[in-house]
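*Asks:* Give me coordinates for this.
(2 chains)
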Amino acid sequence: MSRPVLIVLALLVAVFAVAYWQFLDRKPPVSLAAVAPPISTKHVVTPPSTRVGAPGSGQSPQSLSVADNDRPFVEVRPDLERRARAGDGHAAWRLGMALANCNGYVPISDEGIESSVIDTFARGITVRGSTPAAMLQKLKLAAAQKRRDCRNVSGLAESDFNNEANKKALYWMELGASLGNADAQAMYATLAFAQFDGRNALADAEQIRQRKRLALEYLERSLAQGDAFALLQLSKQHTEGLLFPADAEVGYRYLYAFSLTPRASDFVPGYLEMMLALAAQDLDPIAQGRAQEAGRRLATCCMSKAGEQP
Amino acid sequence: MRRSKLMVFGVIVAAICVLGWIAFERRGGSLEASSDRAPGAHAEDESSTPLHTATQHPKERPKPKLQPKAYYASDSKNAFINSTIDELPNFLAPPDQAIARLRVLADAGNDDAKLELTRRLSGCTPRALRATQESDERLRWSLEMDQAKRDAGEEVRAIPFANGQGRIDRHLAERAACEALPAEVLENWLDPIDQVARSGDTYAMRYYAELVVNEYDSRDAVVADVDRAILRRDKARAYLQRAVDLGDSEALSDLADAYFNKQTSAPQLYAVDSFRAYLYAYAASFGPRRQYQNLDWIMSESAKALDTQQISDARKQGKRLYDACCR
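*Replies:* Numbering: from 1, shown residues only, chains lettered A, B, ... in the order given. A predicted model of the protein is given here:
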């Protein structure tokens, strides 16, 4: 055999030997179990407290308005924060409400609403099931209610990026609830999940479950204190189907009950009637009558005017 | 003589190519893998503490069903007859008839029917029904706006209107079919696919996880159904791990996606973990690449949250993971 052919053969053998060695050089099987240590939850803010406050240990508010003797909110805010940290549940509630309800609020006049609605309909944009007049009435009522709730709070401009304003609102509301403020306990359910979004909700579902239980417990305690605001929140929760299975009749029942309590005067005239009409639109007359009857019984829990509770 | 020299030269070149390929494979198998290696770090460090313990693999791995099934018929009038897999109804079959047929086949033990039945029922959950209803309302409003436009011609408006109206009508029929179903079927809509997954079908395992993530796509969806959401999520996680154990490299890709910080509101099966996202994506990169996989993107984005040592560790573990499960 010639020398070049031998060289070729030797090289081929060497190459195949290396390839075979590579084929054999495999790692032993390993388990996946150790790859998945417990999930991280560091991005979830720890609430100030998860303690359920004792009934009556906080003061109840005079109304849903967070204003204080016509002093602008920006002036009273530091004092409110100091008082809340010192254990004033009412101050904590007011801070929470202002941040949740009035952040970024800019008053708008009825004339401004009218021109906006006229302009919208003039451009051919329609709203299903609503006439310009009905739309105008709804917007005016909503604006009037907002003016009332957010009196002296204009100029509050916390960053709303990543739901930050609601997270701050939750901080104060949770503090107020843990201090026993009945309105804060009722309102807690609305803000309880502010720290979660569609992205982290499933991964952190255990924390959501814990907060859901706490929200239900706070609602019960608020109701036990005779706070009509709890009826309003129960209506919302039964309608939206978050804390309870969605049930339009039960939602209407609690809203109707609230409308019979003295706290109904916290709303501008016509606003509650509008809410009741909306809540009743999917109910037949029999269901509506049944809900009203049950609502009358429910309302007996909360017939004292806010602020008169111990 | 000259011919012999050429032959020797050719064999030497071939040998260099083979050895180069081997070296490339041993370093991680991808160009990306070698780009930002930690100084002094070895791709395969046998002396490092093993993250995994030996696992018992089944003697015969079930063949994963890697391709989703598609049921198309050329003739919509004969939707059932022209089904391509067994007797499954196709996309054009009326929803009520299709679901009824699938239930019969599923009860008879047809796994493909079970998968398709769950897929169909996933559109009947309260969340899905609400989503399509809202979407249809928006579409209807949009169509009305289009009809009100005077600057577009009749023909220009007619086609989108017909398409949109067709979609709304189809959704209406689907909702009606859903409402006609017994409550227990709707309540247990994941049961058919769960049965298939329990039998060792890794495609069903991965699809189960996908359906769970889709079902709990918002905070409110989780809050409203939190106890069941936790049970289903945990089962989905277990199925993905099981699919990897059974050698389905696509489950590695799914796990990478599950840990990846997508920077969107899309729901996550796990809390964001850039290390694990990188690790699983790196492991999956050794498997067969498939269309729509975004492994390179997951690795490049996750790497931004990691230092060089963490990247090096993730690669070592990822390579080991792939070798263990799917090589």
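*Asks:* From now on I want contacts and neighbour counts done on CA atoms only, so please keep to that.
*Replies:* Noted.
*Asks:* So which residues of the stretch 101-250 of chain B form helices?
*Replies:* In the stretch 101-250 of chain B, the helices defined using DSSP state H, counting those that start in this stretch lie at B:111-121, B:126-148, B:154-179, B:183-187, B:191-198, B:202-215, B:219-224, B:226-245, B:249-259.
*Asks:* Please identify the most buried of the ones you listed.
*Replies:* Highest mean neighbour count of the helices of the stretch 101-250 of chain B: helix B:249-259, a mean of 26 (counted as mean count of other Cα atoms under 10 Å in any protein chain shown).
*Asks:* which strands and helices sit next to it?
*Replies:* helix B:226-245, helix B:274-284, helix B:295-303 (3 or more Cα pairs under 8 Å, 6 or more residues apart in numbering or on different chains; DSSP states H and E).
*Asks:* Give me the contact list for the second one.
*Replies:* Outside of helix B:274-284, the residues within contact range by Cα atoms under 8 Å, 6 or more residues apart in numbering or on different chains are B:249-250, B:252-253, B:255-261, B:295-296, B:298-299, B:302-303, B:305-306, B:310-311, B:314-315, B:317-322.
*Asks:* And for the shortest one?
*Replies:* The contact list for helix B:295-303 (Cα under 8 Å, 6+ apart) reads B:32, B:253, B:256-257, B:260-261, B:274-275, B:277-278, B:281-282, B:284-285, B:311.
*Asks:* and what of the first one?
*Replies:* With Cα under 8 Å, 6+ apart as the contact definition, helix B:226-245 has outside contacts at A:31-32, A:202, A:205-206, A:208-209, B:57, B:197, B:202, B:205-206, B:208-209, B:212-213, B:216, B:222, B:250-252, B:254-255, B:269, B:325-326.
*Asks:* Show me the shaky parts of the stretch 151-300 of chain A.
*Replies:* Within the stretch 151-300 of chain A, not a single segment meets pLDDT under 70.
*Asks:* Please list the residues of it that sit near chain B.
*Replies:* Applying Cα under 8 Å from any Cα of the partner chain, we find that the stretch 151-300 of chain A lies next to chain B at A:193, A:196-206, A:208-209, A:212, A:241-245.
*Asks:* Residue ranges in the stretch 1-150 of chain A under the pLDDT threshold?
*Replies:* For the stretch 1-150 of chain A, the ranges with pLDDT under 70 are A:1-70, A:126-129.
*Asks:* Which parts of it are helices?
*Replies:* Under DSSP H, counting those that start in this stretch, the stretch 1-150 of chain A gives helices at A:3-24, A:73-85, A:89-102, A:110-122, A:132-149.
*Asks:* sec struct for the residue nearest to residue B:224 when sequence neighbours are not counted, please.
*Replies:* Residue nearest to residue B:224 in three dimensions, not counting chain neighbours: residue A:242, with 4.3 Å by Cα to Cα, 6 or more residues apart in numbering or on different chains. Classification of residue A:242 using DSSP: H, G, I helix; E, B strand; the rest coil returns coil.
*Asks:* what's around residue A:119, how many residues?
*Replies:* 12 (other Cα atoms under 10 Å in any protein chain shown).
*Asks:* do residue B:200 as well
*Replies:* If you count neighbours by other Cα under 10 Å, residue B:200 ends up with 18.
*Asks:* Give me the distance between it and residue B:233.
*Replies:* To residue B:233, residue B:200 is 18 Å away according to Cα to Cα, to the nearest Å.
*Asks:* and what of residue A:294?
*Replies:* Distance from residue A:294 to residue B:233, counting by Cα to Cα: 39 Å.
*Asks:* If you count contacts, what does the helix or strand hosting residue A:287 end up packed against?
*Replies:* Assigned by DSSP states H and E, residue A:287 belongs to helix A:285-299. Judged by 3+ Cα pairs under 8 Å, 6+ apart, helix A:285-299 is in contact with helix A:248-259.
*Asks:* How far does the helix it packs on sit from its chain's centre?
*Replies:* 20 Å (Cα atoms, centre = their mean, to the nearest Å).
*Asks:* go on, stretch B:301-316?
*Replies:* The answer for stretch B:301-316 is 24 Å, by Cα atoms, centre = their mean.
*Asks:* Okay, buried residues for that stretch please.
*Replies:* By 16 or more other Cα atoms under 10 Å in any protein chain shown, the buried positions in stretch B:301-316 come out as B:301, B:302, B:303, B:310, B:311, B:312, B:313, B:314, B:315, B:316.
*Asks:* tell me the contacts of residue A:83?
*Replies:* With Cα under 8 Å, 6+ apart, residue A:83 has these contacts: A:91, A:92.
*Asks:* let's see 6 Å
*Replies:* For residue A:83, the contact set (Cα atoms under 6 Å, 6 or more residues apart in numbering or on different chains) is empty.
*Asks:* Let me know the distance separating it from residue A:153.
*Replies:* In terms of Cα to Cα, residue A:83 sits 18 Å off from residue A:153.
*Asks:* repeat for residue A:284
*Replies:* 41 Å.
*Asks:* Looking at the two, which one has more neighbours?
*Replies:* Counted by other Cα under 10 Å, residue A:284 and residue A:153 do not tie: residue A:153 has more neighbours, with 28 against 10.
*Asks:* Quick check: closest non-adjacent residue to that one.
*Replies:* In this structure, residue A:153 finds its nearest non-sequential neighbour in residue A:73, 5.1 Å apart by Cα to Cα, 6+ apart.
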